[in-house]
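Colleague: let me see the structure of the following:
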Amino acid sequence: MVKVKDVMKKRVIIIEPDSTVADAARIMTNNKVGCLVIVENGDEPRDIITESDVTTIVAKGLDPKNVRVSDLKAKKLKKRTVLITVKPEDDVLDVAKLMVRNGVKRVPVVENGKLRGIIADKEILIISPELIEIMSEKLKSRVGSVAKPSQKISGMCEDCEEYSDELKQVGGQWLCPECRGEE
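Modeller: Residues are numbered from 1 along each chain as shown. As a prediction, this is how the structure comes out:
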């Protein structure tokens, strides 16, 4: 059994809640990362901001210089309302299942309320390359079973990249109800 602490990245790039989304985009670009953990009091994780969150802000016509990262939930710019975290002692396979179930690619590692690292789908796939084949086969079978564009399927929304059980094809993309404007 491989534990999270054995594969997690210990160096986590963080951001304060009062920073702007433009600040977050700049920090992500400078550090070549796809997300930042939003922390309070130095190392208490509150949320994650991802590249997808930044593009959603821009796509909705909002100015990233005027939106604070703490506003992402308040303005309902994110679907997920609870930060999903794991512990260093958790089993990586259990974490992989948790990530798939919740449609997330990255999860902060927290111990005693303090940020200790981050684990992403990439770290899991590096230690378990057989999961790539399993996930690929599962995707092929799911796509093969989709016969009509009017059907709903489960998967990742091609616009907001969040997991949904109600994806519908619109303009050649699989979109969740929110991205289709059907909240």
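Colleague: for Asp94, give its distance to Val100.
Modeller: From Asp94 across to Val100, the span is 11 Å (CB to CB, to the nearest Å). Heads up, the C-betas are built off the backbone N, CA and C, glycines and all.
Colleague: can you check Asp23 too?
Modeller: Asp23 sits 31 Å away from Val100, going by CB to CB.
Colleague: more neighbours: which of the two?
Modeller: Asp23 (18 against 14; other CB atoms under 10 Å).
Colleague: tell me the phi and psi of the closest residue to Lys152 other than its chain neighbours?
Modeller: For Lys152, the nearest residue in space outside its immediate sequence neighbours is Glu166; the separation is 5.0 Å by CB to CB, 6 or more residues apart in numbering. Recorded main-chain torsions at Glu166 are phi -130, psi 50, according to degrees, to the nearest 10.
Colleague: could you chop the protein up by domain?
Modeller: Domains of the chain are assigned by automatic domain parsing as 4-127, 146-183.
Colleague: pLDDT of the last one, averaged?
Modeller: pLDDT averaged over domain 146-183 equals 76, rounded to a whole number.
Colleague: cool, and the longest one?
Modeller: pLDDT averaged over domain 4-127 equals 89, rounded to a whole number.
Colleague: what's the span of that domain from first residue to last?
Modeller: End-to-end distance for domain 4-127: 11 Å, by CA to CA, to the nearest Å.
Colleague: need the winner for burial among the domains of the chain.
Modeller: Per-residue neighbour counts averaged over each of these give the maximum for domain 4-127, namely a mean of 17 (mean count of other CB atoms under 10 Å).
Colleague: next, name the residue at the spatial heart of this structure.
Modeller: Computing the C-alpha centroid of the chain and ranking residues by CA atoms, centre = their mean puts Val104 first, at 3.8 Å.
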